[in-house]
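K.L.:
structure here, sequence nowhere to be found:
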Ligand code: BGP
């Protein structure tokens, strides 16, 4: 058995900065945040220039892996698919540095920074983007295939599709069920195309998908609640995981949607590709579960907390489900429930259903922190990670094939729409003071955990 992967995760837009350097073109997030005059990732953690220091700190922190994403607009210059050689050179250098320090790269192709030249014609609503993604994937496999063993097609299809097209808090900021369905379909088809290119090219290694996993619990065991739970599971999990692993969209979900919406965009020949090219593993990002109950009387209300003022979030979908708060649970300033047991239950459930290796590809807690001190004493993060790592180990002891754990995030970085003050890092980045890096207490604690558990 390969070694257990221990590390941290990041994403290109959230940490690299250098937003227009060395031939990188605009991404949809560059355009959106600039146009809206919101805090952006133009500089972020400046990982583009400081990756050597960041990777060295990973090594010194006992980690053996680093999960990060490649920026499509840094690698492909235009709709014709021309390659930016400077972008390729950057990632080759980054990957070589990982290997120099004995850090196994775990590489995501798409972590939300779609090139603006695709967003201009509808982004994930434009079916042409699927083949463009396959081309981008091939360029990456061809150029980095000898440096990478672990590939991920997409980070969290559910999160960027639902937030972008249904809730409307991420670009392109739509509230449109029909468009949400089309974007979701195109993303899952593009993911299968990525797997197809990988298999047909005979590249070495494994390819998977990373999902924002929300295990579902119900408030009681009535049949109405069980229906609400199934609805919530279809909304949150099944359309990504069933499709990527089993090769099928959940048929009850499609049947239900087909009553009110047009599903003629689903093509038989594309369903055959989805069925044939399934993933080797799943990456599960776990922040919290959802506790749900039926919701039949009021209107749909979707409110996402981007301010860090407790109590703002709402997910109520008419005739589907309502997400409620467990009065016995603790919640973060951003309304995320702290519920480690959900990770244990969720891993066991996912392994039983899908029977493929699982990596916990993100887990962490976002808080405001004063990073001007010599060392941030983030005991809340230590306790959060400790409880979640124990939950992972329990699931593993109970038979689930779990092969890695990644803290979100390796170091402080930009948080989508929240700016830089919602911090998750094991290493503090002082954004107001020269981007100086300082390990937090959790970094040293994590090192001890890795050393004591070893290559389990
Ligand atoms: C996941 C994303 C990450 C990261 C994390 C924390 O959904 O994959 O990119 O941002 O969540 O979320 P946030 O920054 O919104 O608090």
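P.N.:
Sure, I can see it. The shown structure was predicted, so the numbers you read here are calculated from the model rather than taken from an experiment.

K.L.:
which strand residues bridge the residue in the stretch 301-450 of the chain positioned nearest to the ligand?
P.N.:
Closest to the ligand within the stretch 301-450 of the chain is residue 415: 3.2 Å, counting by C-beta to the nearest ligand atom. Heads up, the C-betas are built off the backbone N, CA and C, glycines and all. In this entry, residue 415 is beta-bridged to residue 419, by DSSP bridges.

K.L.:
so it makes contact with residue 431?
P.N.:
No - at 11.7 Å, residue 415 and residue 431 do not qualify as touching, with contact defined as C-beta atoms under 8 Å.

K.L.:
buried residues in stretch 384-404?
P.N.:
384-385, 387-389, 391-392, 394-396, 400, 402-404 (16 or more other C-beta atoms under 10 Å).

K.L.:
ugh, wrong one, stretch 241-260
P.N.:
Going by 16+ other C-beta under 10 Å, stretch 241-260 has these buried residues: 241, 242, 243, 244, 245, 246, 247, 249, 250, 253, 254, 257.

K.L.:
for residue 334, see how far away the residue lying closest to the fifth one once chain neighbours are set aside is.
P.N.:
Looking back up the chat, that one is residue 245. Leaving aside its sequence neighbours, residue 245 sits nearest to residue 354 (C-beta to C-beta, 6 or more residues apart in numbering; 4.6 Å). Relative to residue 334, residue 354 is positioned 29 Å away (C-beta to C-beta, to the nearest Å).

K.L.:
out of the two, which sits in the busier spot?
P.N.:
When neighbours are counted by other C-beta atoms under 10 Å, residue 354 and residue 334 differ, and residue 334 comes out ahead with 22 against 18.

K.L.:
up against the ligand, what does the stretch 151-300 of the chain have?
P.N.:
155, 156, 159, 212, 285 (C-beta under 6 Å from any ligand atom).

K.L.:
what's around the residue nearest to residue 9 when sequence neighbours are not counted, how many residues?
P.N.:
For residue 9, ignoring the flanking residues on the chain, the nearest one in space by C-beta to C-beta, 6+ apart is residue 67 at 3.9 Å. Neighbours of residue 67 under the rule other C-beta under 10 Å: 30.

K.L.:
pretty sure residue 67 belongs to a helix, no?
P.N.:
No - counting by DSSP: H, G, I helix; E, B strand; the rest coil, residue 67 is not part of a helix but strand.

K.L.:
what is the end-to-end distance of stretch 231-247?
P.N.:
Using C-alpha to C-alpha, to the nearest Å, one end of stretch 231-247 lies 20 Å from the other.

K.L.:
what does stretch 24-31 give?
P.N.:
13 Å.

K.L.:
ditto for stretch 231-250
P.N.:
From its first residue to its last, stretch 231-250 covers 11 Å (C-alpha to C-alpha).

K.L.:
need the contact list for the nearest residue to residue 377 once chain neighbours are set aside.
P.N.:
Counting by C-beta to C-beta, 6+ apart, residue 377 lies nearest to residue 441, which is 4.9 Å off, once chain neighbours are set aside. Taking C-beta atoms under 8 Å, 6 or more residues apart in numbering, we find residue 441 in contact with 375, 376, 377, 378, 379, 382.

K.L.:
what does residue 441 show for phi and psi?
P.N.:
Phi and psi for residue 441, reported as degrees, to the nearest 10, are phi -60, psi -40.

K.L.:
so what pLDDT did it get?
P.N.:
pLDDT for residue 441: 98.

K.L.:
how confident was the prediction at residue 155?
P.N.:
98.

K.L.:
what's the local residue count around it?
P.N.:
24.

K.L.:
just the one 3 residues further on next, same as before
P.N.:
Applying other C-beta under 10 Å, we find 21 residues neighbouring residue 158.

K.L.:
show me which of the residues of the stretch 151-300 of the chain next to the ligand are buried.
P.N.:
155, 156, 159, 212, 285.

K.L.:
show me what contacts the closest residue in space to the first one that isn't next to it in sequence?
P.N.:
Nearest residue to residue 155 in three dimensions, chain neighbours excluded: residue 111, at 4.2 Å (C-beta to C-beta, 6+ apart). By C-beta under 8 Å, 6+ apart, residue 111 lies in contact with 11, 12, 13, 14, 69, 155.

K.L.:
how about residue 295?
P.N.:
Residue 295 touches 228, 316, 317, 318, 319, 320, 321, 322, counting by C-beta under 8 Å, 6+ apart.

K.L.:
show me where the stretch 1-150 of the chain has its strands.
P.N.:
Listed in chain order, the strands of the stretch 1-150 of the chain (DSSP state E, counting those that start in this stretch) span 5-9, 65-69, 104-110, 150-155.

K.L.:
identify each buried residue in the longest one, please.
P.N.:
It refers to strand 104-110. Buried, per 16+ other C-beta under 10 Å, within strand 104-110: 104, 105, 106, 107, 108, 109, 110.

K.L.:
walk me through which strands it pairs with, and which way each runs.
P.N.:
For strand 104-110, pairing defined by DSSP bridges yields strand 65-69 (parallel), strand 150-155 (parallel).

K.L.:
hmm, who's touching that strand?
P.N.:
5, 7, 9, 11, 64-70, 72, 95, 98-99, 133, 136-137, 140, 144, 147-155, 194, 210, 359, 361, 404, 406.

K.L.:
that one vs strand 5-9, what angle?
P.N.:
On the basis of axes from the mean of the first three to the mean of the last three C-alpha atoms, to 10 degrees, strand 104-110 is oriented at 40 degrees to strand 5-9.

K.L.:
what about strand 104-110 and the ligand, any contact?
P.N.:
No - judged by C-beta under 6 Å from any ligand atom, strand 104-110 makes no contact with the ligand; its nearest approach is 9.0 Å.

K.L.:
so for that strand, what's the average pLDDT?
P.N.:
Across strand 104-110, pLDDT averages out at 98.

K.L.:
who does the top helix by length along the chain touch, helix- and strand-wise?
P.N.:
What stands out as the longest helix in the chain, according to DSSP state H, is helix 177-201. Judged by 3 or more C-beta pairs under 8 Å, 6 or more residues apart in numbering; DSSP states H and E, helix 177-201 is in contact with helix 128-144, strand 150-155, helix 157-161, strand 206-213, helix 239-241, helix 251-260, helix 268-276.

K.L.:
many thanks, we can stop here.
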